[in-house]
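A.B. asks: I would like the atomic coordinates for the input below:
(2 chains)
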Amino acid sequence: MYGNDFTAPDGLRPAPDAGGDEPASFLAVLADGGRIEPRDEMPEAYRRSLVRQIAQHAHSEIIGMQPEGNWIARAPSLRRKGILMAKVQDEAGHGLYLYAAAETLGVDRADLLDQLHDGRQKYSSIFNYPTLTWADMGAIGWLVDGAAIVNQVPLCRCSFGPYARAMVRVCKEESFHQRQGFEILHTLSHGTPAQRAMAQDAVDRYWWPSLMMFGPSDTGPDAATGHTAQSMAWGIKRFSNDELRQRFIDMTVPQAEALGLTLPDPELRWNDERGHYDHGPIDFTELFDVIKGNGPCNQERMAHRVGAHEDGAWVREAAEAYAAKRAPEAVA
Amino acid sequence: MSTPREPLWEVFVRSRRGLNHVHVGSLHAPDAAMALRNARDVYTRRQEGVSLWVVPATAITASSPEERDAFFDPAADKIYRHPTFYDVPEGVEHL
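C.D. replies: Next up, the predicted model:
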């Protein structure tokens, strides 16, 4: 559901240092617009950067199952329930594609999960917001998955082959996610006054966090901060956070008009000169605060994730014991 | 807290009859039967395949990227293996 690479400004992680150890073969492939494959030579900092980003992306997919899983049992119809289950199952699948992509860089999925569970690795801050009403399923599909698609489409051309290929699969599946969200909101916004109010409330709560998903500002005076410049030089990132955010806003405003809902930004208006929508300032202190663990649901999400992992331990152990017991037969 | 290291399997999917199996990714599973079931759920949720192979990743021997040039070099100077190498007199057809 989401991939980016940023952290709070006082995070422990220093900006990656290419350190001049970039092999000629690596630079030649990048210059040619080609793909780096797992066994190719690559700078250690490139490898580390990708492991962190892909792992964070994978973690976001599997944590992203929780806010929506919350509504499966309460979906308003069998049709909606079937759709929501299929979507949540897709998120698990996306997590698995991404863990597999990360493993091609020489890490182990079990280690990545351990790092998620003990807080060394993060997931997208968007999943630390609660899903209070059924309309939130609509807002998440339309806005959160919509923002994720804008971010993920350029990753299909990322310089690391396995990540790019995983993203192609993810993007194909993601478009159903966004449409089903839009459909939920469209139904509600054309329903009773109470349903309409519920849809508007969900959009009001998810609009700003969705814009923050693209990460802090990284153009103009902020161009030197963060990891955008290095990620772009390595062909991991193709556009700045600000460019992608603008693209998302420009796509979304007309869709909101079609829904008959308003976006909660009084400064949002078309700028003929720029050919884009202008928007009000984004409060990134909230984003950094949520990343640091102070969002409304950080603790709940992690407790649920660790609990599910521990509760499933006996299944993994049983499957392993069964495989070990059967192994001699298979050889004979 | 540690997680058991389940073996890694490479997954190949035949998308429809008449096509070959193509590598689509990998997954972890304790044994081959579980690997097949997991592969179905992870890689064919939208009818992407009519047949699946799972192969233990450790069973694959791969050529080395560092030796790529030398390894594939013997084919580089044998352009006479391609039909375009040959001159065909004008007007000769079906050749």
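
A.B. asks: same question for the longest helix along chain B, mean pLDDT?
C.D. replies: Criterion DSSP state H: the longest helix present in chain B is helix B:32-43. Mean pLDDT, helix B:32-43: 95.

A.B. asks: I would like the residues contacting it, please.
C.D. replies: Contact partners of helix B:32-43, identified using Cβ atoms under 8 Å, 6 or more residues apart in numbering or on different chains, comprise A:89, A:93, A:96-97, A:319, A:323, A:330, B:9, B:11, B:13, B:24-25, B:27-29, B:49, B:52, B:54. C-beta: built from backbone N, CA, C; applies to glycine.

A.B. asks: Phi first, then psi, for the nearest residue to residue A:253 once chain neighbours are set aside.
C.D. replies: Spatial nearest neighbour of residue A:253, chain neighbours left out: residue A:277 (5.4 Å); criterion: Cβ to Cβ, 6 or more residues apart in numbering or on different chains. In this entry, residue A:277 is assigned phi and psi values of phi -80, psi 130 (degrees, to the nearest 10).

A.B. asks: Which of the contacts of helix B:32-43 are buried? Put it as a ChimeraX command.
C.D. replies: One line in ChimeraX is enough to select the buried members of these, burial here meaning 16 or more other Cβ atoms under 10 Å in any protein chain shown:
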select /A:93,96,97,319,323 /B:9,11,13,24,25,27,28,29,49,52,54
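
A.B. asks: Show only the entries of the contacts of helix B:32-43 found in strands.
C.D. replies: B:9, B:11, B:13, B:24-25, B:27-28, B:52, B:54 (DSSP state E).

A.B. asks: Chain A: which of those residues is nearest?
C.D. replies: The shortest approach to chain A among the ones in strands among the contacts of helix B:32-43 belongs to residue B:25, at 5.0 Å (Cβ to the nearest Cβ).

A.B. asks: Please list the residues of the stretch 51-200 of chain A that sit near chain B.
C.D. replies: For the stretch 51-200 of chain A, the contact set with chain B under Cβ under 8 Å from any Cβ of the partner chain comprises A:86, A:89-90, A:93, A:96-97, A:100-101, A:103, A:108-110, A:113-114, A:117-118, A:165-166, A:173.

A.B. asks: so what's the closest residue to chain B within the stretch 101-250 of chain A scoring on pLDDT?
C.D. replies: Across the stretch 101-250 of chain A, the shortest distance to chain B (Cβ to the nearest Cβ) belongs to residue A:110, at 3.7 Å. The pLDDT attached to residue A:110 in the predicted structure is 92.
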